[in-house]
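> next come a sequence and a model predicted from it.
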Amino acid sequence: MTAKTPASPIDMMKEIIRKRMESIQNRIAVISGKGGVGKSFISSAIALILSKRGKRVAILDADIHGPSIPKIMGIRGSMLYVNPEGELIPVVSPGKVAVVSIELLLTDPDLPVIWRGPLKTRAIYEFLSRVLWGELDYLVIDLPPGTGDEPLTIAQAIPSLSGAVIVTAPSDLSRVVVRKAAMFCRELGVKILGIVENMSEFTCPVCGTTHKLFGSGVGMEMAKELGVEFLGSVPLDPRISEAIDRGELHKIIDDENIPAVRALNEIVSRIEAQLEQSRSS
């Protein structure tokens, strides 16, 4: 009689993750093949808007080397709490979004995380399996640029991903690189919820002239090429940048007088509609 091979630690964590994910209705990954397109801003905005709408929301900062979610969400310097059962308790941001990030485990948030792939993979599995996520309407996962260890780990650890939002900038260079993220999703069987074009334009507050600083139409063209929904364009606005620098994005995310905020709310409504349609089909 052949002895049964004991389950590996990763296999054991996968089973725990599967059970934890059952209490989360929607699991959304935000991805881009390129850095500098404002992906973490879009992730944070989606989470905050959903929370403002009364949803129970958490965000996982899966960027191990360059975590920026704690800063954007106004909780830099906070620490994750470990309960007596050894579970990690997320930090709740001022915008009522539960946040998990490697930075929230560091004694000094400026310390670099100098890890190779296997350690990063293990860290993400630990987060997904050890965090007490609880009952959630949405888990938003902010992925680092590219299609390497972290995105691959998330796609394999959470086979029940509801879908991915792909973020691009309106330049042709972004189109070339970000398209790889779309192919990554297709290769791994992750549904693409749509394309968001960030930094689409800038309107001068003095003269009122609108400038296409980085190009135009890339997001919509990509969506047509891929046969997915174009979720919308988000214009540049110094009020958004200033709020992010202060860790106060939550204070202006419902200000409909800001065009970027109106665009973000429309994007979230389109994401919600897609997920609702998926559940009913």
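Perfect, thanks for sending it. Residues are numbered from 1 along each chain as shown.
> where does this structure dip in pLDDT?
Residue ranges of the chain with pLDDT under 70: 1-6.
> mind checking which residue lies nearest the centre of it?
Asp142 (2.7 Å; C-alpha atoms, centre = their mean).
> which SS state does Gly194 fall under?
Gly194 carries the three-state label strand when classified by DSSP: H, G, I helix; E, B strand; the rest coil.
> beta partners of it?
Beta-bridge partners recorded for Gly194 (DSSP bridges): Val165.
> need the CA coordinates for stretch 23-41. CSV is fine.
Extracted C-alpha coordinates of stretch 23-41, given in CSV (Å, rounded to 0.1, in the frame of the first residue of the first chain):
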residue,chain,number,x,y,z
SER,A,23,-16.7,34.9,2.3
ILE,A,24,-15.7,37.5,-0.3
GLN,A,25,-18.3,38.1,-3.0
ASN,A,26,-16.1,39.9,-5.6
ARG,A,27,-12.3,39.6,-6.0
ILE,A,28,-10.8,42.2,-8.5
ALA,A,29,-7.2,42.4,-9.6
VAL,A,30,-5.9,45.8,-10.9
ILE,A,31,-3.0,45.2,-13.3
SER,A,32,-0.8,46.9,-15.8
GLY,A,33,2.2,45.7,-17.7
LYS,A,34,3.9,49.1,-17.2
GLY,A,35,4.8,51.2,-14.2
GLY,A,36,4.0,54.9,-13.9
VAL,A,37,0.4,54.7,-15.2
GLY,A,38,-1.3,55.4,-11.8
LYS,A,39,-2.4,51.8,-11.2
SER,A,40,-2.3,52.1,-7.3
PHE,A,41,-4.3,55.3,-7.5
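> residue boundaries of the strands in the chain?
With DSSP state E as the criterion, the chain has strands at 24-31, 57-61, 81-82, 88-89, 91-92, 98-101, 136-142, 163-168, 192-198, 202-203, 210-211, 230-234.
> max-length helix in the protein?
helix 259-280 (DSSP state H).
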